[in-house]
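> Coordinates for the following, if possible.
(2 chains)
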2 protein chains.
Amino acid sequence: MRIAVDAMGGDNAPKAIVLGGLKAAAERKDVTIMFYGDEEAIKAEIEGPTPENVEIIHAGDKILSEDDPVRAVRTKRESSMVMAARAVRNGEADALISAGNTGALLTAGLLVVGRMKGVERPALMAALPNLANIGDSVLLIDCGANAESKASYLNQYAVMATAYARAVLKKAAPSVGLLNNGTEENKGNDLTKEAFGLLKANDQINFTGNIESREILNGVSDIVVADGFTGNAVLKSVEGTAAAVMKLVKNAIMDGGISAKLGGLLIKGSLKELMTKIDLDQAGGGILFGVKAPVLKAHGSSNATSVFHTILQAVTIVESGIIEELATTFEKEMPVKKAE
Amino acid sequence: MRIAVDAMGGDNAPKAIVLGGLKAAAERKDVTIMFYGDEEAIKAEIEGPTPENVEIIHAGDKILSEDDPVRAVRTKRESSMVMAARAVRNGEADALISAGNTGALLTAGLLVVGRMKGVERPALMAALPNLANIGDSVLLIDCGANAESKASYLNQYAVMATAYARAVLKKAAPSVGLLNNGTEENKGNDLTKEAFGLLKANDQINFTGNIESREILNGVSDIVVADGFTGNAVLKSVEGTAAAVMKLVKNAIMDGGISAKLGGLLIKGSLKELMTKIDLDQAGGGILFGVKAPVLKAHGSSNATSVFHTILQAVTIVESGIIEELATTFEKEMPVKKAE
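Predicted coordinates:
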């Protein structure tokens, strides 16, 4: 198996990307890590000889976080991200990973790797920690690939996430909830009301009804299906709130006088363990589903450990055969629902 | 001033409502608290003689949390909520407060109290804690009154919240952010792109551009304008995430062995203070803007203290004259933008 890694994307590139990739190469000798980026800069991060299962492919350009996504993918053809995506399209690599410009990665996935036949819109799926059952994840899809959505897209997202939860998370009948403004069947806007009907009638999934955003982290359903605009807002508010509250807890300890400081020292280990458990980076990056090969987005602030986890996640997805399974599903079962 | 209080709404009604109302009556002898509900049940919560500035108006019916909002308001005409709303419409009371069925309260506000002339859609505004500046609030509007939105509604929400922030929070030029999926001007869906243009051109407000949901609690803008579906999802995810993280912190301390438990005892005071500071109930309830009188929603789980705060908030709003100001603004300046 060969994984194409954009070595130049993300706040800590290329260092964190290269170190994470090397760790993955050491862990999985049967997987080849292909670094795309500035050859000199990548080599500078490799101590000693380059491992046998690591390749460096020089890219003279890179996409910046402030670049306009579509224009950047179209014009920066020799950028590390686009070259890595091209390798996947040409069958030279089995999956694409980047911690760079999210919009550009979605665009590269769609335009370069290519949409899967029968899929109306690819969607970005994130794994949130299930705080009621530490170690378990809740899958949120779409969390930002599409600003405008149709009910039929949401129905396809449910199928994609169900395949992932079965094959990768080993859940036999993962429950699917529809993100809505109330739990009752008649709740919602025009989009969610229509989506509710489609999901309810879909016998490929285990639909359990509407779910409100306040219940997502409690693991009420294994999968939460949302339109990309709302899913994006919810994902970012979960991240922002968790970070803000943890910071407040730290401040309360630091500003709470001598006994609070002493108490803080005593609970430091437990809190640190907690932080690791709920660290969103640890859960791996977001996955773009509905394209011909796995495209994984690592957080922009990814360190080497999160890059390592994201690469292993890509390996697991490729090994699971889920992409082939989805291709068969959408080509056979939803041939009339092609995007206009 | 006279405040109409639905004594039968909320998880802890009528006890918490009556105790909170009595506390407000004791604090503000110049304000009359009008309890609507089961006379016997209300009286059972009052120890000693009923204070002079407290009135009990018997209501033989009540709206349940599981009732269909529109049907309940239309058919339960002798319910405590609808009777209280009617008192406001008839000028017998200056504001309406309920901790009951949110949808029913919005409906009662719209159908019974009545929409303000020139306002397209009333909106629900919530005050979130500004975690970067404890004691300050961030106003989120609309957080759930409208499942479907138009850009022009959002523009009016910005005017409503600005008037509130000026008059009640004493902010001279409160900044207004538009909730969006990115900070750049060209980001968003059709709705937010159009709303951006209207907000930018609106010289009645201090528009500072797009804001992502992860930044709301950091007080990046004083006011966050959102469509009601997304605003609702963000509000509930902030609440859910904050509660889940605080619970995890507690568990980490309790399950962390003897030293963590000792440490927990030492920081207990600081954490408790923190919980009070970020308690969403303390910030008061949501306010329905765009109707002819203040309609305040207290959290369903409100205790006496939150009811007390919500009543005082209503008094402040009535005293501020903001409702008259908004009525003048919308009638004069937006006469062509009536709802269809």
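
> Sort out which residues of the worst-scoring helix or strand of chain A on mean pLDDT are buried, please.
Per-element confidence for chain A was summarised using mean pLDDT, DSSP states H and E. The lowest value among helices and strands belongs to helix A:257-278, with a mean of 77. Across helix A:257-278, burial judged by 16 or more other Cβ atoms under 10 Å in any protein chain shown covers A:Ala260, A:Lys261, A:Gly263, A:Gly264, A:Leu266, A:Ile267, A:Ser270, A:Leu271, A:Leu274, A:Ile278. For the C-beta atoms, the positions are set from N, CA and C on the backbone; glycine is no exception.

> Which elements pack onto it?
With contacts defined as 3 or more Cβ pairs under 8 Å, 6 or more residues apart in numbering or on different chains; DSSP states H and E, helix A:257-278 has these neighbours: helix A:228-254, helix B:228-254, helix B:257-278.

> Next up, the contacts around the most centrally placed residue in chain A.
Within chain A, the residue whose C-alpha comes closest to the C-alpha centroid is A:Gly286; the distance, by Cα atoms, centre = their mean, is 0.7 Å. In this structure, A:Gly286 makes contact with A:Thr102, A:Leu124, A:Met125, A:Ala126, A:Cys143, A:Gly144, A:Leu296, A:Lys297, judged by Cβ atoms under 8 Å, 6 or more residues apart in numbering or on different chains.

> So which of those residues belong to helices?
Using DSSP state H, the members of the contacts of A:Gly286 that fall in helices are A:Thr102.

> Would you confirm that A:Thr316 belongs to a helix?
Yes. Assessed with DSSP: H, G, I helix; E, B strand; the rest coil, A:Thr316 lies in a helix.

> so how far is A:Ile141 from it?
The gap separating A:Thr316 from A:Ile141 is 17 Å, by Cβ to Cβ, to the nearest Å.

> got a list of contacts for stretch A:157-173?
By Cβ under 8 Å, 6+ apart, the residues outside stretch A:157-173 that reach it are A:123, A:125, A:137, A:139, A:141-142, A:174, A:176, A:199, A:202, A:204-207, A:222-223, A:225, A:287, A:289-290, A:313, A:316-317, A:320-322, A:325-326, A:329-330.

> follow-up on the earlier one: give me the more crowded residue out of A:Thr316 and A:Ile141.
Using other Cβ atoms under 10 Å in any protein chain shown as the criterion, A:Thr316 and A:Ile141 rank with A:Ile141 on top: 30 against 15.

> so what's the more buried one up against?
Here A:Ile141 is in contact with A:123-126, A:157-158, A:160-161, A:223-226, A:231, A:289 (Cβ under 8 Å, 6+ apart).

> If the closest residue in space to it that isn't next to it in sequence is in a bridge, with which residues?
Counting by Cβ to Cβ, 6 or more residues apart in numbering or on different chains, the nearest residue to A:Ile141 once its immediate chain neighbours are dropped is A:Met125, at 3.9 Å. Under the criterion DSSP bridges, A:Met125 forms beta bridges with A:Ile141, A:Ile287.

> In this model A:Ala145 seems to touch A:Met125, though I could be wrong.
No. Taking Cβ atoms under 8 Å as the contact criterion, A:Met125 and A:Ala145 are not neighbours in contact, 9.0 Å apart.

> which neighbours do the two share?
Taking Cβ under 8 Å, 6+ apart as the contact definition, A:Met125 and A:Ala145 share the neighbouring residues A:Leu288.

> domains for chain A, by residue range?
A:1-119+A:290-339, A:127-280 (the TED database).

> quick one: the last one to chain centroid distance?
Relative to the chain's own centre, domain A:127-280 is displaced by 13 Å; criterion: Cα atoms, centre = their mean, to the nearest Å.

> again with the longest one
Computed by Cα atoms, centre = their mean, the separation of domain A:1-119+A:290-339 from the middle of its chain amounts to 12 Å.

> now, among the contacts of A:Ile141, which is nearest to A:Val31?
Comparing the contacts of A:Ile141 against A:Val31 with Cβ to Cβ picks out A:Phe289 as the nearest, at 21.2 Å.

> Report the separation between that closest one and B:Thr75.
Taken as Cβ to Cβ, the span from A:Phe289 to B:Thr75 is 46 Å.

> quick one: which of those two has more around it?
A:Phe289 (28 against 14).
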